[in-house]
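*Asks:* I'd like to go over a predicted model; first the sequence, then the structure.
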Amino acid sequence: MNQDVVVCGAGAGGLAAACALGNLGLRVLVVDKRRQPANVPKGEVLQPGALALLRSWGVQRRLDERGAVHLTDLVVRDPHGDPLLRLDYGQLPAGNQSLATHDYPVILQSLSDSLGPSVELRRGVGVCEPLFGTSGRVEGVRVSDGDRQYDVRAAMVIAADGLSSKLRRAVGIQPRRADYSHRLVSFEIRDPAQTPTDLSAYVTDRGLRLCYPLPGNRIRLYIQIRADELRGFGPAELAAWLRLVLTDVPSLRPLVEPALAGLNSRQLLAVPRFVAPHLSVPGLAVLGEAGHAVHPMAAQGMNSSFTDAQCLAAQLCAHILRNGVMDADAVDAALREYGQQRVVNLIEVDQMSHRATTMITSTSRVGRALGRRAVRRTTANPRLLRTVTYNMSGLHMRPLSMLDRLCQLGLHDFRARRLPSPPARAHDESARWCES
Ligand SMILES: Cc1cc2nc3c(=O)[nH]c(=O)nc-3n(C[C@H](O)[C@H](O)[C@H](O)COP(=O)(O)OP(=O)(O)OC[C@H]3O[C@@H](n4cnc5c(N)ncnc54)[C@H](O)[C@@H]3O)c2cc1C
């Protein structure tokens, strides 16, 4: 069986790649080992940059029809709910002034429903291994479909098979992971008396509590815990623990009873962090969580996975479709460019997400003091606040300089009121790829 592209994994990254490449008219086969997407509480917050790309693929309309919740503020709060730092997305360019939340399976369904006519999605088909040509180039994959195994040959393979990617390992790309020492427990809270109207990150002495609305009068709540904090807990101890940690944060006390009612919805999650050193080898691109992972607090993962997809489509456009030939040399030139461009941007996103995370999740006395100072100094500095808002939105990345970071620690900033001019192209990180 021959295809232009075979995408391994139908998560957000793989489906985004299939949307972007299907729009170029390429014949794309997407395979996923699961018959149904896993119902995990991940990837629910879409930044404006991610939404811009979803709009260009016709996906946002479907999400909105399915009740996506739009929010305009991302707020860091103290335990009483007083804002310490507010990212006001209302100051972003028109059309990009909100982030949106929805369940991950609904985001996947909306992506699947938007695949073009040249894309085929097969669920329940797992990838066993890559197929190598005599030159060592990847030329397809061996898949297993029930009892049957067969080979799919393609000009390009995309490894979008998630965090523990089999394909990434098989081609010898080994990321160095620097996972966070804490864990997150997530709860889905149904029918609370009051639903939040923004995404709030509460800074407490015991770490982060993150809270945002989901469609259908629900709330997602993440609680940071030590790795062994809940070890050996039965239902009664868990309920007592949940009551205690929520009562500790006055603003979250109204959630105690509905959260206890949803105790069984809890999921314990480790928090990985890495950027793969390479994102391509001849014949194969690594994309999405197979290639990078950041702390969920900054809600950057899908943004980055979608930008991977659009960047790959733009490079293929430049190297292949322009010449009208999809040969191995042109594909590999596109893959090299893709890898080089994405690694640079992903490292910037990783560093930004990590600094934001450290500010809020540190539980040591010094870490907490430095984190709170950085939050306060960013709020007091309109120039920094504007830069951070754009960086988080995924619309335009301007990494903080050493001077910016010293300002966050207390150095006086004479330019604090000099706002950076909006990027020449309103949403350049995403739009750059959409336009090309
Ligand atoms: C707790 C948590 C919260 C998060 N919250 C956010 C957020 O709010 N906003 C945000 O932008 N990002 C968030 N992220 C990150 C986001 O979820 C990921 O960036 C995104 O899911 C990446 O999608 P993916 O397609 O690369 O991986 P996945 O969603 O993991 O998909 C991989 C797919 O590959 C399939 N697969 C695996 N192996 C094989 C095989 N051998 N053959 C065939 N198929 C295979 C799997 O079945 C799966 O469907 C969060 C992550 C976590 C862990």
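*Replies:* Perfect, I can see it now.

*Asks:* Scan this structure for its longest helix.
*Replies:* Longest helix in the chain, counting residues (DSSP state H): helix 328-361.

*Asks:* and the next element down the chain from that helix?
*Replies:* helix 365-379 (DSSP states H and E).

*Asks:* What's the separation between the closest residue to the ligand within the stretch 1-150 of the chain and S112?
*Replies:* Nearest to the ligand in the stretch 1-150 of the chain, going by Cβ to the nearest ligand atom, is G11, at a distance of 2.1 Å. Any C-beta I mention is one placed from the backbone N, CA and C, and that applies to glycine too. Per Cβ to Cβ, to the nearest Å, G11 is found 11 Å from S112.

*Asks:* Those two - which one has more neighbours?
*Replies:* G11 (27 against 19; other Cβ atoms under 10 Å).

*Asks:* tell me, how many neighbours does P192 end up with?
*Replies:* Around P192 there are 20 residues (other Cβ under 10 Å).

*Asks:* Let's verify the residue nearest to it when sequence neighbours are not counted: helix, strand, or coil?
*Replies:* Computed as Cβ to Cβ, 6 or more residues apart in numbering, the closest residue to P192 that is not its neighbour in sequence is P258, at 4.8 Å. Under DSSP: H, G, I helix; E, B strand; the rest coil, P258 falls in the helix class.

*Asks:* so P258 makes contact with I189?
*Replies:* Yes - using Cβ atoms under 8 Å, P258 is in contact with I189, at 4.8 Å.

*Asks:* Neighbour count for the two, which is higher?
*Replies:* Legend: neighbour count by other Cβ under 10 Å for P258 and I189, higher for I189 (22 against 18).

*Asks:* what's near enough to touch the more buried one?
*Replies:* Residues in contact with I189 (Cβ atoms under 8 Å, 6 or more residues apart in numbering) are 218-221, 255, 258-259, 262.

*Asks:* where in the stretch 1-150 of the chain is pLDDT low?
*Replies:* For the stretch 1-150 of the chain, the stretches with pLDDT under 70 are 1.

*Asks:* all strands of it, in order?
*Replies:* With DSSP state E, counting those that start in this stretch as the criterion, the stretch 1-150 of the chain has strands at 2-8, 28-32, 45-46, 69-71, 73-77, 83-88, 99-101, 119-123, 126-132, 138-145, 148-159.

*Asks:* Could you look over these and pick the most buried one?
*Replies:* strand 45-46 (a mean of 26; mean count of other Cβ atoms under 10 Å).

*Asks:* Tell me which other helices or strands that one touches.
*Replies:* With contacts taken as 3 or more Cβ pairs under 8 Å, 6 or more residues apart in numbering; DSSP states H and E, strand 45-46 sits against strand 99-101.

*Asks:* Contacts for stretch 256-274, please.
*Replies:* Residues outside stretch 256-274 that contact it (Cβ under 8 Å, 6+ apart) are 40-42, 163, 175-180, 182-193, 219, 221, 230, 235, 238-239, 242-243, 246-247, 292-296, 350, 354.

*Asks:* Separate out the buried members of the residues you listed.
*Replies:* 41, 163, 175, 180, 182-189, 192, 219, 221, 230, 238, 242, 246, 292-296, 350, 354 (16 or more other Cβ atoms under 10 Å).

*Asks:* restrict those residues to contacts with the ligand.
*Replies:* P296 (Cβ under 6 Å from any ligand atom).

*Asks:* Let's see which of the buried ones among the contacts of stretch 256-274 end up in helices.
*Replies:* Of the buried ones among the contacts of stretch 256-274, the ones assigned to helices by DSSP H are 238, 242, 246, 350, 354.

*Asks:* Spell out which parts of the stretch 51-200 of the chain neighbour the ligand.
*Replies:* So the stretch 51-200 of the chain meets the ligand at 126-127, 160-162, 166 (Cβ under 6 Å from any ligand atom).

*Asks:* Try it again at 5 Å.
*Replies:* Within the stretch 51-200 of the chain, the positions lying close to the ligand (Cβ under 5 Å from any ligand atom) are 126-127, 161-162, 166.

*Asks:* farthest-separated two in those residues?
*Replies:* G126 and G162 (12.2 Å; Cβ to Cβ).

*Asks:* residue contacts, the most centrally placed residue in the chain?
*Replies:* Among the residues of the chain, the one closest to the centroid is G301, at 1.4 Å (Cα atoms, centre = their mean). Counting by Cβ under 8 Å, 6+ apart, G301 touches 42-43, 289, 292-294.
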